[in-house]
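Peer 1: everything below, folded, please.
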Amino acid sequence: MMHESALESDEATIEQLIIRRSAVRQILRLRLQGKTRKEIAAIVGKSPHTIDWHLRELVRSCGALSLMRIVLIVAASPRLTALVSGTASSGPPPDSGAFEDEAHERL
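Peer 2: Numbering: from 1, shown residues only. Model (predicted):
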């Protein structure tokens, strides 16, 4: 079983990424719905390679061993699940143009 403070630290890191990066929020929401990377790519209108890049960056940024661990942490946390789904009372706004917003941030 995981040490509680390590889990809280992981949740805090993931929460910050969800809040700051709308593409991550959108991808995680679709992964929690059971979508594959190819299905996600088709839904958001990007290539599977772009989705892979976002997923790799998410894992790297969290220092996690796998995307599955991140998905499990999000799924187990009502607060993170609400942020990803956009139902948190103080959560981020709905994803409109998530990928375009992040492209401008990198310029």
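Peer 1: quick one: buried residues of the longest helix along the chain?
Peer 2: Counting by DSSP state H, the longest helix found in the chain is helix 4-20. Neighbour counts using 16 or more other CB atoms under 10 Å place 10, 11, 13, 14, 15, 17, 18 of helix 4-20 among the buried residues. Backbone N, C-alpha and C define where each C-beta goes, glycine included.
Peer 1: hey, where'd the helices end up in the chain?
Peer 2: So, for the chain - with DSSP H - the helices run 4-20, 22-32, 37-44, 48-62, 67-76, 78-85, 98-106.
Peer 1: next, the angle from the fifth one to helix 37-44.
Peer 2: So that's helix 67-76. 60 degrees (axes from the mean of the first three to the mean of the last three CA atoms, to 10 degrees).
Peer 1: from the contact counts, what lies against helix 67-76?
Peer 2: Using 3 or more CB pairs under 8 Å, 6 or more residues apart in numbering; DSSP states H and E, the elements in contact with helix 67-76 are helix 4-20, helix 22-32, helix 48-62, helix 78-85.
Peer 1: figure out which of the ones you listed is closest to residue 41.
Peer 2: helix 48-62 (4.4 Å; CB to CB).
Peer 1: okay, the helices and strands packed on helix 67-76 in CSV with distance to residue 71 and mean pLDDT next?
Peer 2: Shown next, in CSV, are the helices and strands packed on helix 67-76 (distance: least, CB to CB, whole Å; pLDDT from 0 to 100):
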stretch, distance to residue 71, mean pLDDT
helix 4-20, 10, 77
helix 22-32, 5, 89
helix 48-62, 10, 90
helix 78-85, 10, 90
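Peer 1: ok, residue 61 touching residue 13?
Peer 2: Yes - between residue 61 and residue 13 there is a contact under CB atoms under 8 Å: 7.4 Å.
Peer 1: please identify the deepest-packed of the helices of the chain.
Peer 2: Comparing those by mean neighbour count (mean count of other CB atoms under 10 Å), helix 22-32 ranks first with a mean of 22.
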